[in-house]
Structure formats: structure tokens, C-alpha cells
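Participant: what follows is a protein structure lacking sequence information:
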DNA sequence: ACCGCCGGGTGCC
DNA sequence: ACCGCCGGGTGCC
């Protein structure tokens, strides 16, 4: 019989050996069946349950219903008892306190993080002065003993056994008889975001002001979005019962109608036109389902402005105005003719206008938004779009609220939020807030997240092709942003959805699916509308071209490999692979570089001569990671590294990002990647690359490599077959891209380049040049694998040359999709160069395994496990 | 009576 | 709280 928790013997205090299942047996079986502790320590296993009492009800206003969930909050500064534990309902209103005798052990357990304690009130309402509460103790297995003994010592050994109603409750609501396997769960997740087409086929025409005709699936999205914004329904899982609005998951009830959720997630695949659809929404659903009222501009005036913008010399450095204009992108603002009055909301001094839409996006897609507004909004419509970016940005919130659209980046939003008093974005009540590439907001502790969650608006949208980036956890921030009560409070999300779902509870999974379904629209490139594909895209074909190293290269490779084997072999015998993980990765980077071009190796890349000083070792590691031009991203902000620092555990982040983590978690701060303890003193800076790198390569005699030769052969062939065909040449190593410039010039190719180090101005220029179809335009783009966001549109190219494999197959797919997207007219042919008998072949194989493995263990692999399996991979690769 | 008993005041932490 | 607990009033039958 498969049973996770027995219903009998669940009580912590049960001492009767004749019971069929004792607590320890029950919990043991639960761990055997793989109830894995959550990384955040938010879940773990159920130690048991007991009944306690809540007192002091009459002093507080918070009320609870039968079977309602309550939260238990420590009050260490309570003047009467430093052990005080407060009981609050789902909206955070205090209900009472835990009786002091019980509060004592609970305070100990909670303060020492031995268990998470959750409460459910079995019979609410009729209680006037005190009531009982069922307490559930969840924690890591290793803390079980400490929890039980503490409770026993405080005299809770012989407390009353739970009544039948508790047992019933456990068996019904909290225990899945047979938990889902990881594979079943993964399938359900896939399905969750796949099957969202049903009943979403009604179409809406865009307002006249939208110039570009919408495709059928875009009209459907527009209809759906407008309907979401105009809906008057109760949010998911809320029902009206008598004079109360009750949340059926938490059993929480309120008199006041819960806030409407006027928005959701537009999760269409990239290339389906999320940007255009959003623009159409802005233009077509202003108020009462009517279009945005615009002044007709003087045609001459606007056209001259438009021209000026196009010609404006773009004069700025990274970090300042990307367009040299901090004025209205399209036209002048409406003066004082707003049709809605400005309302002051008192203390909060937030100013409400119902006019402006705020759009927040990654820097990489900023220009895409501007372009699309210009492209899709009918010429002569007086739409005011203000680009809130650059040092000269206008910080007057009254001015901002009068715009039709304010466009900014996550970084600007977050920087403003840092000095909160002066953040104009947080003083406006927006008509609508749109998070583009919304999945980039997912770290609950990041300042960026707080800045996003603290925006004020009724209509809230998330645009993202991949709402779940890694695990279910990523969804919390999105739910919080959408103000889906009660899931905007993490405890309720964890308790009601995240934990039960990750532990395989079917009921909760169904709830999650229903929740997502209600607020998400998703179409993939293969989705059908009335039997016809939403998007007809040309074919995509992938070839692997195996490259044989020259004898000289082979010797160099083998030498490096033998050397690496020695070093890694030693770590393996010592069992210190984990502590030297960064060294190991460095060795692999070195081998991968030799496969591309021996010249990629700097003299500093000598890992084996490890300096004794930790500081120096870390510096050499960070330099190795960054100086080869590998376009690393910060795991916190997911953008390119700014002011890179390395932790003692050898992980690299932006200094501001990691400092924010340390600031918010104080001495409990842990490395976001490996959970090692970190503090501000133990951050080592990257001193910058002392060598002037690329300038030397020009002087030295040019030397080719087998892979370069293979590429040049292909490029010449492509050019010979059809000179109009353009190619992307992709590498993770920007220095490799630099090396490739020489042979490209030699062969007379015109090319352009796009990598993470370029400022916005030169990016825009590079993209525009490449996308241009005139005969003199560049036919090749040197592209760093992770440059730009998903919005990057390089449809001028139909050939892709992947120069080196990545650990992350998704990054490769995403890169290819920059040209294999709406607007592509040719079949896309991808050529991957892989060096025979090398680490590159191993990486290819591992990529395949990884895809399979991902399918089997969705979201259940810890960082530690992932590292462990990476070690196994490394051992195989190094033939150890 | 350094007790018992009565009945009013009172009540979380 | 239709309880417990506290502390003042009170004191044979």
C-alpha cells in the first residue's frame, strides 16, 4: 500500500504502540517516497500535528471561519512575553495569540528555524474568548528530534489526541494518497501552459489608430486582454457565500469584495507579436472598452519630428540617453486636456490619473518597443510615448502621468526605487502596468522585484514566453504582481500551491492549473486556430559539422587535457571537486577554447599554477571567466555583469545585486547559487583586464584554426550559392568573434557585430545595418550567444553558424529563434561546428541527456544535486 | 481566622 | 467566561 502519511498516529503525542501506523513510521514512509526538502527550507516533511489554543480573541478584529487557515507570526518584542506568537488570518488581521505555555516551545522552534508551523482552525466563528487551532509542523528531517523533544519537555507529551475531524481533514485535504511522480508532474506543467486556447477564440478589431492589420491570433489576444481588463468577476477561487466573499482554498472570508484582477499573463511564444498586441490593447481599450482618444496631430509637424528623430545623431554613452532624446518619442504631450481629473489620495500622496500605461522592459528590447510604436501607430495620431531613461529623464510625476505611455527598464525602475522618496514612477497610479519579459522578475529578494511589486495600477500585465523559467517558485513574484489574493503573500502561495504541488498533491496541482488557466493566454508557434497554424514559419534545419583538429592543434589540446586530468584527478581523489568547482570549470573553458582557436588562450589562463593566496586565486578565477569574453550573466539580475565580484565560494555576481541580497538577509545571507554563507567583506572585485587584448591580435601574424577554416569554407559556399543570404556567426566567446574579424576581412565579407559589451547606441546601429536589405549592407553578423533579449529580431539572416556548444541548450534555441521568427521568409539552416574527439562532443551528448533528465525530474533537482551530476559529467569527460 | 466559604471582579500576550 | 483565578469580606447555630 502506498501511503504517504498515515491518518492514524499522526499526532506528535501519540504514544500508543498498538496504533497501526506510528508517527515515525508515517513520516519515514513519506521521506522514502521522495518528499524532498525544499531549498528554501519552506517545505520539508510533515513531522506531525497537534492541537493548541488561541487566546485573547476579544481584543482583535480578525475573524476566522471553520477550517480556515491561519498564519503564526512571532512577536519577539511583545512587552508581556518575548515568546509571543501571534495568530493572523489570511489578510494578516490579528485573531489572537497562542497561549503562552505553548508559545514558549513554538517560539524556540520558530526562532531556530527547526520547523515551519502552520495553523488551521477547525471550528471558527462561535469562539468568543479562545479557540483551538490545529498546528502542523513541517521541517527538515534532521530537525525532527529537536522539535519533538522541545515540545515534550514543555509538557505537550500528553496533550489531547486530535479528534476525528482532524483525521478527516488530513486525509481529505492535506494528504495525497499517491503522490505524482516527477515525470507526471513535469507533464502536467507542460500541459498547464499548453492547453490554454479553449474558449479564447473570439476576436476583437484594433482601434483605427493601429496601423498594422492584426493577424487572427493577435485579434484573439486583443479580445482576451480587453475582456480581462473589463471583467467584473471575482478573482479565481473566490465565491460569494451569504454576505461574505470566501476563498475556497484557504476558507478565508471577508465582507469586502476582493480586488478584481484586471490583467494576466500573455505567454505567447516569441515571434507571435506580444508587443504589437499590447500596443493594440493600449490604443483600443482605454476606458469602458473604448479606444484611447487622441488629438490628430498636424501632419506636417509630426512628420518633421519623426524625420528628425530618425536622423538624430545618437550621441550617447552607455548609461545615458540611448537616443539622444529625452523628449517625446513620438509627439508632444497632451497639455491639460486630460479627460480624467487628478485625484490626491492623501497621506500616500499618490496621484491618480487614469491615463498613462507604464511599460517596463529589459534594456535590450527598449528600442524594439520604440520602433514598434512608431511602426504600428497610425501616422498623424498624437500618441505621447515618453522614454523614461537616461540621466536627464524627467522626474515630474505629474508630467509622467499625463503621457499615454511611459517606457522604462527594470534597472531604471529599480535604481529609482533605491531612493524611494524621489521615485516618480511610484507616485503615479498607472492606468496599466506592463512587464515585458516578465519572467526576469523572479528573485523575491531582489530590489528590482520590490520595485515592481510596489507599483500602483489596476490593470497589470506580464508578457513572457516562458513564465516558469526553472521551477514553480518563479511564479510567486508573478502572482504577487497580479495581486492574486491571497497568493501575493508568499506564505499562502507556499502553503496552498507551491509546497503541495512539488510534493505531488493532485488536488493542489489542479488548483494551480485552474489558476493559470484563468489568467493566461498562451499560443505556441504550432498552435492552431480553426485548424490552421497560428503562424506559418519556414522550416528550421540543423546540421552538425564535425571538425578535425590539425596535428598541431591536437597536440596542444591533448597537452591541456592531460594537465587538466591531473588537476581534476587530484580533486576527485581528495574529494574536493566541489570546493574547486571554479577551477574545474576553468579547465573546461580552456579546452573549449582550444577547440575554437588556440589564440583564445591568454597567458593568464594557467590554472594549474594556483597561487596560494585565496584572494589571488579568486581574482584569477574571475578573470578567467570574464576575460575570455564569455558573456557571463549575473544569476540575480540575469543581465550582463556590472561591477563583477566573486564570492569566496567562487560565484560571480554584480556587486549591487549580491550586496542587496546580503543587506536583506543580513548574517543569514547565503550564496544564491550554492547556499554557502556569504558576507560583504568576502567579495573579491574583478580588477579589470590589464591586457589590451584585441589590439595585439592585429599586429601579430594571423593564424587560422581548423574551425575557422571550416566556417570560412561554409561562408564562401553560401555566398557563392546566393549572395543575398545573410548569416549569423554565433559564439560564447566574444574574443573568438574578434579573432574571426581578420579572416572575414581577408575574404572581403562585410560584417557587423553584436555582443553584450556594446552600448545601446551601437547595438541599435548594428541591428539596423544588418536588417537593412540594400546590397551594401553587411551579410554577416558576429553574434555573442546571449547578447540581447528575446525581443532581438534578426530575421535578415537565414543561416546560423554555431561556433561552439553551450551547456545550456535553451540558450542555443533562443539564439536561433532570433532569426527563425515572424518575418522570416527563407528556411533557416543551422550549422553547429563540433570538434571530433573533444570536450565539445561530450557537451553535445550531455545536452541530450540533460533534456531527457529535465523531463524526468522537473523542478525537483536541488542545486547540490545538479552540481553533483555535473561532477559526474566532468569525470566522464576527462576520462577519470 | 496563619483557616474555609461566599460572591464580585475579572479575563491574551 | 454557563469557566478558573484573584483577593476582599467575613466568620456557630
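Facilitator: That came through fine. Predicted model only: the values in this text are computed from it and were never measured.

Participant: pull the residues that contact stretch A:96-105.
Facilitator: With contact meaning C-beta atoms under 8 Å, 6 or more residues apart in numbering, stretch A:96-105 is reached by A:52-57, A:59-60, A:62, A:72, A:75, A:81, A:83-87, A:106, A:130-131, A:133, A:150-151, A:153-156. Every residue, glycine included, has its C-beta placed from N, CA and C.

Participant: what strand or helix carries the closest residue in space to residue A:594 that isn't next to it in sequence?
Facilitator: Of all residues not flanking residue A:594 in the chain, residue A:557 sits nearest, at 4.8 Å (C-beta to C-beta, 6 or more residues apart in numbering). Assigned by DSSP states H and E, residue A:557 falls within helix A:551-574.

Participant: packing partners of that helix?
Facilitator: helix A:581-596, helix A:863-877 (3 or more C-beta pairs under 8 Å, 6 or more residues apart in numbering; DSSP states H and E).

Participant: buried residues in stretch A:719-738?
Facilitator: Of the residues in stretch A:719-738, those buried by neighbour count under the rule 16 or more other C-beta atoms under 10 Å are A:719, A:726-738.

Participant: list just the nearest of those to DNA strand C.
Facilitator: Using C-beta to the nearest atom of the strand, residue A:732 is the member of the buried residues of stretch A:719-738 that lies nearest DNA strand C, at 68.0 Å.

Participant: just want the residue of chain A that's nearest DNA strand C.
Facilitator: Per C-beta to the nearest atom of the strand, residue A:129 is where chain A lies closest to DNA strand C, at 3.6 Å.

Participant: can you list the residues of chain A near DNA strand B?
Facilitator: A:55-56, A:58-59, A:78, A:80-81, A:83-84, A:96-100, A:103 (C-beta under 7 Å from any atom of the strand).

Participant: buried subset of these?
Facilitator: Listed as buried from those are A:55-56, A:83-84, A:96-99, A:103; burial here means 16+ other C-beta under 10 Å.

Participant: farthest pair in the residues of chain A next to DNA strand B?
Facilitator: A:58 and A:83 (21.5 Å; C-beta to C-beta).

Participant: and the helix or strand containing residue A:743, what does it pack against?
Facilitator: Using DSSP H and E, residue A:743 sits in helix A:734-746. Counting contacts by 3+ C-beta pairs under 8 Å, 6+ apart, helix A:734-746 is packed against helix A:694-699, helix A:706-721, strand A:726-731, strand A:751-754, strand A:780-784.

Participant: confidence-wise, which of the ones you listed is weakest overall?
Facilitator: Note on the helices and strands packed on helix A:734-746: lowest mean pLDDT is at helix A:694-699, with a mean of 46.

Participant: before we move on, back to that, which one of the buried ones among the residues of chain A next to DNA strand B is nearest residue A:356?
Facilitator: residue A:96 (44.0 Å).

Participant: ok, and does the host helix or strand of the closest one reach over to DNA strand C?
Facilitator: Using DSSP H and E, residue A:96 falls within strand A:94-98. No. Between strand A:94-98 and DNA strand C, judged by C-beta under 7 Å from any atom of the strand, nothing touches; the nearest distance is 10.3 Å.

Participant: pLDDT averaged over that strand - what is it?
Facilitator: Averaging pLDDT along strand A:94-98 yields 96.

Participant: in its sheet, what does it sit against?
Facilitator: Note on strand A:94-98: by DSSP bridges, its sheet partners are strand A:45-55 (antiparallel), strand A:85-88 (antiparallel).

Participant: any chance of those strands in a markdown table, plus mean pLDDT?
Facilitator: Below are the strands paired with strand A:94-98 laid out as a markdown table (pLDDT from 0 to 100):
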| stretch | mean pLDDT |
| --- | --- |
| strand A:45-55 | 92 |
| strand A:85-88 | 97 |
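
Participant: make TSV from these and add distance to DNA strand C to it.
Facilitator: Converted to TSV, the strands paired with strand A:94-98 look like this (distance: least, C-beta to the nearest atom of the strand, whole Å):
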stretch	distance to DNA strand C
strand A:45-55	7
strand A:85-88	15
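
Participant: all set now, cheers.
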